[in-house]
Every structure is written in structure tokens, then in C-alpha cells.
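Enquirer: Structure for this input, please:
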Amino acid sequence: MTEMEKSNSSGCWKAAGIGCLALVLAGGLVGVWAYRNAGRLLRTGAAHMLDKGAEVMFEAMQLEAEDRQAAMAAIAELSEQVRTGELTMEQGGEILTALAEGPLPMIVALRLFETTILEPSALDAETKAQGRVTVSRFAEGLVRGSIPPEKGEEALDAISVQKEDRREMKPDLTTAELIGCLEIMKTAADEAGIEDRKFTYDLAEEIRKVIRRGLDV
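Expert: Residues are numbered from 1 along each chain as shown. Prediction:
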């Protein structure tokens, strides 16, 4: 197999890989800290800290501007519940932690994988099209919980290297390595019984689902 050209968006991948969880959790902890110390903070201050924690979280995920705006709108709804007292401090902390530790970071990482690695690769159009379906099926399995997070790590191992607290895309990623990554995703999706079709995600709605679960709605 011939070598693929190094992606010009490798910086995005550094932030988007599972290694970004360190940054994501750091952002989430800002909000969690605010909730757990709410006895010393006004509700408006706690809500503000939630907003800032979410900002850091979404910055680490390198969301597109449109997605970030929609995601922050969902967080604003959560903040308003804090301000009005509808949401308890404990619930707020649990919700923010669930956002950071749930499948959302991996969904974003897979979206960036598709746009910064799969699309500019040397694969032919048909293989890329099937690859997009595979990536979405894999993400769907992670959201449903039918594909364990460890499979995400396994897929990333095929195309990245661990550097201290983050992952970086292999500088000389080959077509064979990319195909190997897609095969890991496809096998996991097949074994999980995920339908063979393209799935799409509304990030704001995914956030609202986590919030609703936290509120037992």
C-alpha cells in the first residue's frame, strides 16, 4: 500500500482523540467544582461556572461553530434550571460528569476522524462512502452501549500513538492502517447488531438526553 499524505488537520486529531478526555474532564471538573462548593456560591455564580465549564469542554472537543452554538444552547437550558432552583446541585454535578465521561467525546472524535482522516485519504470514493457508514454505525453502537468504550480505544490504536496524556495521529499513517481501523469499527458494529445504514447525530439533542436522564425525565 502507498503512504497517505499527512493530514493538514493533525492538530484537530490531537484534540479529538480519546486523549482529549483529559481536557474534557478538566473542563467538566470546573463545573463539578462549582456544584460541590455551592454552599459558598450563589446559584447564579454556580450557573455561570457551569456555562464556563461547558465552554472548556466543547473547546477541547473542537466542535464546529454551528454544533458548539447548539450545544451551548442546550447547556444554557441546564444553567437556567440551576438559577431557578429546579435543578439540585448534586444533579447538576452528575449531569456534567455524565457529559464528560459518556459517549459524546467519542462521537465528536469520530466525526473529526471522518472529516480530517477518512475524507482526505487515498481511498476510492466507494470505500470512503462505506467508511462513512461504518463510522456512523460504530458511533451508534457506542451511544447505545452495545459497543464497549474499549473498542474505541482499539480502533484508535490502529491509527494513533500515545504521547503522555494525549493521542496523536501516526505521522506516516498508511492506507492499510486506515483500512484496519475501519475494519475494527465494522466488526464491532456487526457484532453489536447495528443496522447497516448511515446514522446522524444532533449533538444538542444528545446533551438534552443526558440532562433528561439526570433529571429522571
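Enquirer: With adjacent residues omitted, what lies nearest to residue 186?
Expert: Leaving aside its sequence neighbours, residue 186 sits nearest to residue 134 (Cβ to Cβ, 6 or more residues apart in numbering; 4.8 Å). C-beta here means a position set from N, CA and C on the backbone, and glycine is covered the same way.
Enquirer: Near the one you found, how many residues? Count them for me, please.
Expert: Residue 134: 27 surrounding residues under other Cβ atoms under 10 Å.
Enquirer: Can you classify it as helix, strand or coil?
Expert: helix (DSSP: H, G, I helix; E, B strand; the rest coil).
Enquirer: from memory it sits against residue 182, does it?
Expert: Yes. Between residue 134 and residue 182 a contact is recorded at 5.3 Å, counting by Cβ atoms under 8 Å.
Enquirer: which stretches of the chain form helices?
Expert: For the chain, applying DSSP state H gives helices covering 10-16, 21-36, 43-61, 65-84, 89-101, 104-113, 125-144, 149-157, 175-191, 203-214.
Enquirer: can you list those in CSV and add mean pLDDT and distance to residue 164?
Expert: Supplementary listing: the helices of the chain in CSV, determined by pLDDT from 0 to 100; distance: least, Cβ to Cβ, whole Å:
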stretch, mean pLDDT, distance to residue 164
helix 10-16, 42, 11
helix 21-36, 46, 9
helix 43-61, 69, 16
helix 65-84, 79, 27
helix 89-101, 73, 20
helix 104-113, 79, 18
helix 125-144, 94, 25
helix 149-157, 87, 15
helix 175-191, 95, 22
helix 203-214, 77, 28
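Enquirer: Distance-wise, check the residue sitting nearest the centre point of the chain relative to residue 170.
Expert: Taking Cα atoms, centre = their mean, the centroid of the chain lies closest to residue 105, which sits 1.7 Å from it. Counting by Cβ to Cβ, to the nearest Å, the gap from residue 105 to residue 170 is 21 Å.
Enquirer: what's the domain layout of the protein?
Expert: With automatic domain parsing as the criterion, the domains of the chain are listed as 18-102, 104-191.
Enquirer: Let's have the ones you listed in TSV, adding distance to residue 207.
Expert: What follows is the domains of the chain, written out as TSV (distance: least, Cβ to Cβ, whole Å):
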stretch	distance to residue 207
domain 18-102	4
domain 104-191	7
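Enquirer: To residue 212, which of these lies closest?
Expert: Nearest of the domains of the chain to residue 212, taken as Cβ to Cβ: domain 18-102 at 9.5 Å.
Enquirer: Who are the contact partners of residue 72?
Expert: 51, 54-55, 58 (Cβ atoms under 8 Å, 6 or more residues apart in numbering).
Enquirer: For the residues you listed, pick the one with the most neighbours.
Expert: Going by other Cβ under 10 Å, residue 54 tops these with 26 neighbours.
Enquirer: pretty sure that residue is touching residue 77, no?
Expert: No. Residue 54 is beyond contact range of residue 77, at 11.4 Å (criterion: Cβ under 8 Å).
Enquirer: can you count the residues close to the closest residue to residue 205 other than its chain neighbours?
Expert: What sits nearest to residue 205 in space, not counting adjacent residues and going by Cβ to Cβ, 6+ apart, is residue 74, at 7.8 Å. The number of residues packed near residue 74 is 21, by other Cβ under 10 Å.
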